[in-house]
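Asker: Pasting a predicted model and its sequence here:
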Amino acid sequence: MKKIISGVSIELRQGDISKQADCAAVVNAANAQLETGGGVAGAIHRAAGPELAQEARAMAPIKPGEAVITGAHNLPNLYVIHCLGPVYGQDKPEDKLLGNCYSKALDLAEEKQISSIAFPAISTGIFGYPAEAAAKVAFTKIIEKISTLKTLKNVIFVLYNQQDLDIHKRVLEQIM
Ligand code: ADP
């Protein structure tokens with residue numbers, strides 16, 4: 001599914017965030033220490049190799065809502081943007097902190113003058129944010145900023161399973 005707003009496409013696809021060869025940057029649902037872990041962080045660090053953690057170490061720790069950028073090492077991308085989402089029920093206000101992740105990731109991508117970025121559903125795995133509420137925050141923030149984007153033309157959401165893809169499709173239709 002693809003929607004175009006102000007000349008920028010928002011695309012939803014099912015897949016593995018560590019296998020998105022057509023995106024200049026992929027976003028990591030990181031932990032504060034910017035280390036490997038489960039879920040997205042595990043997949044990204046495994047595919048990128050140990051040099052990713054080595055490069056990221058100097059920037060750690062980061063706080064919920066923050067984002068930092070590194071090279072992508074053995075991944076088929078140019079950059080990894082590491083976002084620390086809020087832990088649901090703990091880091092508050094969750095919606096603001098999650099929105100900050102998306103906003104800062106877009107800012108970092110624009111600073112690097114790249115045209116495409118792929119996001120996972122930040123905070124919706126181990127961090128427990130309900131998928132529908134998280135999708136609403138993510139799309140609202142991206143649409144709010146979309147007319148200010150200069151180089152970014154493709155914003156892609158990579159959902160791991162069919163259920164999450166369906167939820168995101170429904171929320172995007174509702175918001176637009
Ligand atoms: P967080 O700690 O921010 O909750 P997780 O990595 O646990 O991050 O999960 C975030 C979302 O990414 C979940 O919906 C999870 O199902 C999904 N996910 C897990 N592995 C991958 C992957 N390799 N590619 C894309 N999405 C993934």
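Answerer: Cool, got the structure. The structure presented is a predicted model; accordingly, all values stated were derived computationally and were not measured.
Asker: From now on I want contacts and neighbour counts done on CA atoms only, so please keep to that.
Answerer: Will do.
Asker: hmm, who's touching stretch 18-37?
Answerer: Contacting residues not belonging to stretch 18-37 are listed as 17, 40-47, 53, 56-57, 60-64, 75-85, 105, 109, 114-123 [C-alpha atoms under 8 Å, 6 or more residues apart in numbering].
Asker: quick one: that stretch to chain centroid distance?
Answerer: Stretch 18-37 has its C-alpha centroid displaced from the chain centroid by 8 Å (C-alpha atoms, centre = their mean, to the nearest Å).
Asker: before we move on, what about stretch 138-150?
Answerer: For stretch 138-150, the gap between its own C-alpha mean and the chain's C-alpha mean amounts to 14 Å (C-alpha atoms, centre = their mean).
Asker: For it, list every residue counted as buried.
Answerer: 138, 139, 140, 141, 142, 143, 146, 149 (16 or more other C-alpha atoms under 10 Å).
Asker: Which strand or helix spans the first one?
Answerer: In the assignment (DSSP states H and E), residue 138 maps to helix 131-145.
Asker: Which SSE is immediately downstream of that helix?
Answerer: Next along the chain after helix 131-145, taking DSSP H and E as the criterion, comes strand 154-159.
Asker: elements contacting the helix or strand following that next one?
Answerer: Where DSSP H and E defines the elements, the next helix or strand beyond strand 154-159 is helix 162-175. Taking 3 or more C-alpha pairs under 8 Å, 6 or more residues apart in numbering; DSSP states H and E as the contact definition, the neighbouring helices and strands of helix 162-175 are strand 8-14, helix 131-145.
Asker: follow-up on the earlier one: what is the nearest of the buried residues of stretch 138-150 to residue 173?
Answerer: Lowest distance from residue 173 to the buried residues of stretch 138-150 (C-alpha to C-alpha) belongs to residue 139, with 10.3 Å.
Asker: ok, the closest residue to that closest one other than its chain neighbours to the ligand distance?
Answerer: Counting by C-alpha to C-alpha, 6 or more residues apart in numbering, residue 139 lies nearest to residue 172, which is 6.8 Å off, once chain neighbours are set aside. The span separating residue 172 from the ligand equals 16 Å under the rule C-alpha to the nearest ligand atom, to the nearest Å.
Asker: ok, now which ones touch residue 172?
Answerer: So, once contact is read as C-alpha under 8 Å, 6+ apart, residue 172 ends up touching 135, 136, 139.
Asker: Please go through the contacts of stretch 18-37 and note which also touch the ligand.
Answerer: When contact is defined as C-alpha under 6 Å from any ligand atom, these meet the ligand at 17, 40, 41, 43, 85, 120, 121, 122, 123.
Asker: Most neighbours of all these, which one?
Answerer: residue 85 (31 neighbours; other C-alpha atoms under 10 Å).
Asker: So in this protein, which helix runs the longest?
Answerer: In terms of residue count, the longest helix belonging to the chain (DSSP state H) is helix 94-111.
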